[in-house]
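Novice: Build the 3D model from these lines:
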Amino acid sequence: MKRFFLAVLILMSFIIATGPLHDPDLWWHIKTGEMIIATGSFPTKDVFSFTSHGNRWRAYSWLPQTIFYLTSKFGYFALIVLRIFILSIISTILYFFIGKIINNSQFAALAVFLGWGSSYPVWELRPHIFSFLFISAVCGILALKYIKLKDITPLLPLIFLVWANSHIYFVVGIFLVFAFILIQFIEKKKIDFKLLALFFICILVTLLNPYVLGIYSQFWELATHSWTWSWVMEMERPYPWDSQVFAFWIFVLAAIVFVFVIRKKVSFLPLFFVFFPLMYSLTALRHIAFFPLISLPFFGVLLRNSGVNLPPPSVSIFIKRFFIFTLAVVFFFRFFSDYVTPIAKSVPVGASEFIKERKPPPPIANFFDYGGYFIYKLWPEYKVFMDGRTQVFSREFLDEYAVLLSREVDLEKAVEIFRKYGINTIIWPSEHPLTLSLSKEGFRAIYRDKTTVIMEGTQLRK
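Specialist: Sure thing, here's the model as predicted:
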């Protein structure tokens, strides 16, 4: 029975992860990994762009970046296999911890299954997927500790050592361990000195990274970087009317109903580990996976402490049919979406090949989402105008770039910005308002495909 449900979850991971590589930042992560391995050093200044060249830049996700680069040497499909592998590990970790807590493999599998479905839009291959992996392990360990089922907290320093060299969201994990210790002290009027000592060790080992304390300031810079929160799509809030997060909101409503049903026997600590990640997940679309990953082990704790009797084993037949039917439906739609192309159609593959062949004179102004792939394919011959490392760029430049992104195009100001940076060629989405406005003003398209257009015009010359 346990093997059946684990196999179903791994199959679900396979189905979720086998789509094309969409994330525009993956490509500059790969190039960064290549640069780190080639030079044997960690970058401290930007080298990829001409608009922020020499500005401070920390490759704080150096470990995933090197893994991505080494994997990419085996081809793009190898990157998809890596994503399947990571998602399978996460689902296995959650399944193991929830199954241990509630002692019921079928409901553990169902919980993980629903958690996956609620957060599928964010399972792209990028360094933050490692944060999803580590935070599910940390919260599972804390949940087992809370119900005194098994104490494996000595693993925490090792997890945080690797996590701090993988992604800056390790800070969220540090906060959760601190909150666990504090709330336990409030509830029991007793300090867990062993866990407190492990907590300080976890903080110390996070300093064993190429940038030491700079990794903490990097997290703060991201948290307070207003331009990123205003303009980057993945930092938008997951509003209920957004169709891509419909399943997430169903999961939220189910969670609220669950807590309401067992409200008489709810203790504060597991309740905190349910509602804190809910609030955090509502801050940005990229954060929605934190809600199921953090809360599911503690939903198990709430269920265990409630004394609710789970349905008898005969329900397993229904759950088996539910899993099989749902997987069949998901597989059907995924098959017809695009199973065989490793790179998404939104990635400017054709445009980059055109530039490599025709070699238009630099500098080139590129759209935000294109920067990562151009770094991967065209650097160092061409440096990018803009890419996903928004914290690297000056606020003055970001405000200028916002003019180019605006749906209400100020063409005169846009041309002035292009002239300021000596732009000769523009690469932009075909249907973007700026592209349409430039076309009407006599800018000539020298390349066009279904998603991208490359333009030049005499208006750019001073």
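Novice: what about the strands in the stretch 301-450 of the chain?
Specialist: Counting by DSSP state E, counting those that start in this stretch, the stretch 301-450 of the chain has these strands, from start to end: 364-366, 425-429, 444-448.
Novice: From the chain's centroid, how far away is the first one?
Specialist: For strand 364-366, the separation from the chain centroid amounts to 26 Å (computed by CA atoms, centre = their mean, to the nearest Å).
Novice: what's the most buried one of the strands of the stretch 301-450 of the chain?
Specialist: Mean neighbours per residue, mean count of other CB atoms under 10 Å, is largest over those for strand 364-366, with a mean of 25. Using the backbone N, CA and C atoms, a C-beta is placed for each residue, glycine as well.
Novice: Same list, the strands of the stretch 301-450 of the chain, but as TSV with distance to residue 52 please.
Specialist: Shown next, in TSV, are the strands of the stretch 301-450 of the chain (distance: least, CB to CB, whole Å):
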stretch	distance to residue 52
strand 364-366	14
strand 425-429	18
strand 444-448	26
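Novice: would you list those strands in a markdown table and tack on mean pLDDT and distance to residue 122?
Specialist: Output for the strands of the stretch 301-450 of the chain, formatted as a markdown table (pLDDT from 0 to 100; distance: least, CB to CB, whole Å):
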| stretch | mean pLDDT | distance to residue 122 |
| --- | --- | --- |
| strand 364-366 | 95 | 25 |
| strand 425-429 | 95 | 22 |
| strand 444-448 | 92 | 32 |
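Novice: For residue 300, find the nearest of the ones you listed.
Specialist: Closest approach to residue 300 among the strands of the stretch 301-450 of the chain (CB to CB): strand 425-429, 44.7 Å.
Novice: Pull the residues that contact the closest one.
Specialist: Contacts to strand 425-429, defined as CB atoms under 8 Å, 6 or more residues apart in numbering, come from residues 348, 351, 355, 360-361, 364-367, 370, 374, 418, 434-435, 438, 443, 446, 451-456.
Novice: Where does residue 182 sit: helix, strand or coil?
Specialist: Under DSSP: H, G, I helix; E, B strand; the rest coil, residue 182 falls in the helix class.
Novice: In terms of pLDDT, where does residue 49 sit?
Specialist: Looking at residue 49, its pLDDT stands at 97.
Novice: where does the nearest residue to it once chain neighbours are set aside land on pLDDT?
Specialist: In space, and not counting its chain neighbours, residue 49 is closest to residue 384: 4.9 Å by CB to CB, 6 or more residues apart in numbering. If you check residue 384, the pLDDT there is 97.
Novice: got the contact list for residue 384?
Specialist: By CB under 8 Å, 6+ apart, the contact list for residue 384 reads 48, 49, 50, 364, 366, 371, 374, 375, 378.
Novice: Tell me which of the strands of the stretch 301-450 of the chain sits nearest to residue 114.
Specialist: strand 425-429 (35.2 Å).
Novice: partner strands of that closest one, parallel or antiparallel?
Specialist: Applying DSSP bridges to the sheet, strand 425-429 is found paired with strand 364-366 (parallel), strand 452-456 (antiparallel).
Novice: Now that we have these, can you turn them into a markdown table and tack on distance to residue 240?
Specialist: Shown next, in a markdown table, are the strands paired with strand 425-429 (distance: least, CB to CB, whole Å):
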| stretch | distance to residue 240 |
| --- | --- |
| strand 364-366 | 34 |
| strand 452-456 | 32 |
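Novice: which stretches of the protein aren't confidently modelled?
Specialist: 1-2, 4-5, 17, 264, 310-341, 458-462 (pLDDT under 70).
Novice: for it, which helix is longest?
Specialist: Scanning the chain for the longest helix, with DSSP state H as the assignment, gives helix 76-102.
Novice: Report the distance from that helix to the chain centre.
Specialist: In terms of CA atoms, centre = their mean, the centre of helix 76-102 is found 15 Å from the chain centre.
Novice: by contact count, what packs against that helix?
Specialist: Applying 3 or more CB pairs under 8 Å, 6 or more residues apart in numbering; DSSP states H and E, we find helix 76-102 packed against helix 2-17, helix 62-72, helix 105-118, helix 128-146, helix 290-306.
Novice: May I see the buried residues of stretch 429-447?
Specialist: Neighbour counts over stretch 429-447 (16 or more other CB atoms under 10 Å) mark 429, 432, 433, 434, 435, 437, 438, 443, 447 as buried.
Novice: For those, work out which two are farthest apart.
Specialist: Between all members of the buried residues of stretch 429-447, the farthest pair (by CB to CB) comes out as 433 and 447, at 19.5 Å.
Novice: Three-state assignment for the nearest residue to residue 375 once chain neighbours are set aside, please.
Specialist: Distances taken as CB to CB, 6+ apart place residue 28 nearest to residue 375, at 4.3 Å, with adjacent residues excluded. State at residue 28, reduced to three classes by three-state DSSP: helix.
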